[in-house]
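> With the sequence up front, the predicted model follows.
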Amino acid sequence: MAEKEKLTIVMFSGDLDRALAGFILATTGASMGMEVSMFFTFWGLNIIKKNEGSIRSKGLMRKMLNFMNRGGTKRLKLSKFNMLGLGTWMMKRLMKDVNMPSIGEFITMAHQMGVKLIACTTTMGVMGIAEDSFCSEVDGIAGAAYFLGEARQSKVALFI
Amino acid sequence: MAEKEKLTIVMFSGDLDRALAGFILATTGASMGMEVSMFFTFWGLNIIKKNEGSIRSKGLMRKMLNFMNRGGTKRLKLSKFNMLGLGTWMMKRLMKDVNMPSIGEFITMAHQMGVKLIACTTTMGVMGIAEDSFCSEVDGIAGAAYFLGEARQSKVALFI
Amino acid sequence: MAEKEKLTIVMFSGDLDRALAGFILATTGASMGMEVSMFFTFWGLNIIKKNEGSIRSKGLMRKMLNFMNRGGTKRLKLSKFNMLGLGTWMMKRLMKDVNMPSIGEFITMAHQMGVKLIACTTTMGVMGIAEDSFCSEVDGIAGAAYFLGEARQSKVALFI
């Protein structure tokens, strides 16, 4: 049996618009029969954080960072035209209007389609994010070597 | 005859500097004999909008979005040091100074060199952008599956 | 002997967080036995500028640009939560805390591991940056054609 073609995406950004671009590509790839991995790092970790739950991290600075940088799909903002939340609210309405899933729904959908969601251990360490901060759809945590291992076997590797 | 090597670029950003990077790579690739596609999505759609013409979109929110997010090559701004337009004006002067084409000229040049310019249907739908908003050099509209189909046949695929 | 697999990275951004992502990938790739090139362009040129030294560029506008856009590893800022420098300072502390190298240390380390650091001639010309502005670890300068030549031989090419 032929191996599946791979698509590997680095989700660096936590902006709503870039998250959306990532999930549209990931779910489209999966529906075309590709084997898709999404590798969440830096601000991208915010996308896969739970919307609820308390913030636990060691040390004052990491507590502060994780307070400001709370994350969760409901807190993602547009990279442009956020306008104190108005632009982001508008974008979410427009997405609903054309029956596009929300980021939370995209995470569930991607997971059900077999897209692997991986959190980057290195940036989790720097930012003091514990593994139980992530939503249940996340498949595991891994480092840059894992990503490069996947990427070099991939037909397409993108940094978003 | 050997098939041409492909270069596929996602133009996600509508910033002047990222647009410039995209077109420098696209036209260089074409001059090296590569088959180049540029796939414009989200804010990147602004790059290929006409500079003139009225804004037509259905619904109040889409009208508002397209008013703020007017687009056209002459309205692109730097991602940094825009400084109410001063930085962007300076960058355009510096480009002219070294005989670098403007984005409008790059679009024409890319088109003449056979670079395919494609607009993303999905984000056109969300943002309420009609096909006739785009400049005449745009070759067509297509979705994420088209992009991935091109990307997986490409030697190089970049997300800008 | 089999040829080494290549990893080619465009460093477009001069943000501390994106620079960090780039160097983590580059040094990890090198440690996995890949042949790694980093191609610095636009704001990414700031990463490889010397921290000290006078600013030399011809013409008033280029002088102004290079004054505002001074560069050097110590001047890089976070793309988010910079907060007049507080967020950037915090991030550097957090990096130190987990024994992550600073960007300056990453440049030295990457160079010692054989990662090629190349500055983009085209954007150096537009922005008026002289070759002697760069730190000694930079291996040379080259244009977009050089980058595409490397990228199309690469297993993985990323635009950061």
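Good, I have the coordinates.

> For the residue nearest the centre of chain A, which non-adjacent residue is spatially closest?
By C-alpha atoms, centre = their mean, chain A has its centre lying nearest to A:Ile47, at 4.3 Å. Excluding the flanking residues, the one nearest A:Ile47 by C-beta to C-beta, 6 or more residues apart in numbering or on different chains is A:Ala19, at 5.0 Å. The C-beta positions use only the backbone N, C-alpha and C, and glycine is treated the same way.

> pretty sure the one you found belongs to a helix, no?
Yes - counting by DSSP: H, G, I helix; E, B strand; the rest coil, A:Ala19 is part of a helix.

> A:Val36 touches A:Phe23, doesn't it?
No - with contact defined as C-beta atoms under 8 Å, A:Val36 does not count as touching A:Phe23 (10.2 Å).

> what residues are shared contacts of these two?
A:Ala110 (C-beta atoms under 8 Å, 6 or more residues apart in numbering or on different chains).

> Enumerate the residues of chain A near chain C.
A:10, A:12, A:14, A:41-43, A:59, A:61-62, A:64-65, A:68-69, A:122, A:125-128, A:143-145, A:147-149, A:151-152, A:154, A:157-159 (C-beta under 8 Å from any C-beta of the partner chain).

> Okay, and which of the residues you listed map to helices?
Counted as lying in helices by DSSP state H, out of these, are A:61-62, A:64-65, A:68, A:122, A:125-127, A:144-145, A:147-149, A:151.

> Those: which two are farthest apart?
Maximum pairwise distance in these, criterion C-beta to C-beta, is 34.3 Å, between A:Met64 and A:Gly149.

> With B:Met34 as the reference, measure out to A:Phe39.
28 Å (C-beta to C-beta, to the nearest Å).

> With neighbour numbers in mind, choose between the two.
For A:Phe39 versus B:Met34, the count of surrounding residues by other C-beta atoms under 10 Å in any protein chain shown is larger for A:Phe39: 25 against 22.

> could you list every residue that touches the more buried one?
Going by C-beta under 8 Å, 6+ apart, A:Phe39 touches A:8-11, A:118, A:120, A:142, A:146-147, A:150.

> Tell me the spacing between it and A:Ile118.
Distance from A:Phe39 to A:Ile118, by C-beta to C-beta: 5 Å.

> which residues do the two both contact?
What both A:Phe39 and A:Ile118 touch, as defined by C-beta under 8 Å, 6+ apart, is the set A:142, A:146-147.

> Which residues of chain A lie near chain B?
Residues of chain A lying near chain B (C-beta under 8 Å from any C-beta): A:5, A:7, A:17-18, A:20-21, A:24-25, A:28-29, A:31-32, A:34, A:79-81, A:90-91, A:93-95, A:97-98, A:100, A:155-160.

> Could I get the contacting residues of A:Gly85?
Counting by C-beta under 8 Å, 6+ apart, A:Gly85 touches A:Lys77.

> part of a helix, is it?
Yes - using three-state DSSP, the assignment for A:Gly85 is a helix.

> Tell me, what's the model's pLDDT at it?
The score at A:Gly85 is 81. That number is its pLDDT.

> Kindly report the same for A:Ile55.
pLDDT recorded at A:Ile55 is 63.

> quick one: contacts for A:Arg62?
The contact partners of A:Arg62, taken as C-beta under 8 Å, 6+ apart, are A:127-128, C:94.

> rerun at 10 Å
By C-beta atoms under 10 Å, 6 or more residues apart in numbering or on different chains, A:Arg62 lies in contact with A:55-56, A:126-129, C:90, C:94, C:97.

> what's the closest of those residues to chain B?
C:Met90 (21.4 Å; C-beta to the nearest C-beta).

> excluding its backbone neighbours, what's nearest that closest one?
Leaving aside its sequence neighbours, C:Met90 sits nearest to A:Met61 (C-beta to C-beta, 6+ apart; 5.3 Å).

> Quick check, the one you found in contact with C:Leu94.
Yes - if you go by C-beta atoms under 10 Å, A:Met61 and C:Leu94 touch, sitting 6.2 Å apart.

> Give the residues shared as contacts by those two.
Counting by C-beta under 10 Å, 6+ apart, the residues touching both A:Met61 and C:Leu94 are A:Gly128.

> just to revisit the earlier point, return the members of the residues of chain A next to chain C classed as buried.
Among the residues of chain A next to chain C, those buried by neighbour count (16 or more other C-beta atoms under 10 Å in any protein chain shown) are A:10, A:12, A:14, A:41-43, A:61-62, A:65, A:69, A:122, A:125-128, A:143-144, A:147-148, A:151-152, A:154, A:157-159.

> quick one: the strands in chain A?
A:6-11, A:35-40, A:116-120, A:140-142, A:156-159 (DSSP state E).

> The third one vs strand A:35-40, what angle?
By that I understand strand A:116-120. Compare the direction of strand A:116-120 with that of strand A:35-40 by axes from the mean of the first three to the mean of the last three C-alpha atoms, to 10 degrees and you get 30 degrees.

> Does anything pack onto strand A:116-120? Which helices or strands?
With contacts taken as 3 or more C-beta pairs under 10 Å, 6 or more residues apart in numbering or on different chains; DSSP states H and E, strand A:116-120 sits against strand A:6-11, strand A:35-40, helix A:103-112, strand A:140-142, helix A:144-151.

> deepest of the ones you listed, which one?
Burial among those, expressed as mean neighbours by mean count of other C-beta atoms under 10 Å in any protein chain shown, is greatest for strand A:6-11, which shows a mean of 26.

> Show me how far the one helix or strand in chain A whose mean pLDDT sits lowest is from its chain's centre.
Here the helix or strand of chain A ranked lowest by mean pLDDT, DSSP states H and E is helix A:60-68, holding a mean of 80. Averaging C-alpha positions (C-alpha atoms, centre = their mean, to the nearest Å) puts helix A:60-68 20 Å from its chain's average.

> What is the neighbour count of the residue nearest to A:Ala145 when sequence neighbours are not counted?
Distance criterion C-beta to C-beta, 6+ apart; nearest residue to A:Ala145, sequence neighbours excluded, is C:Thr28 at 5.3 Å. Here the number of neighbours of C:Thr28 (other C-beta under 10 Å) works out to 21.
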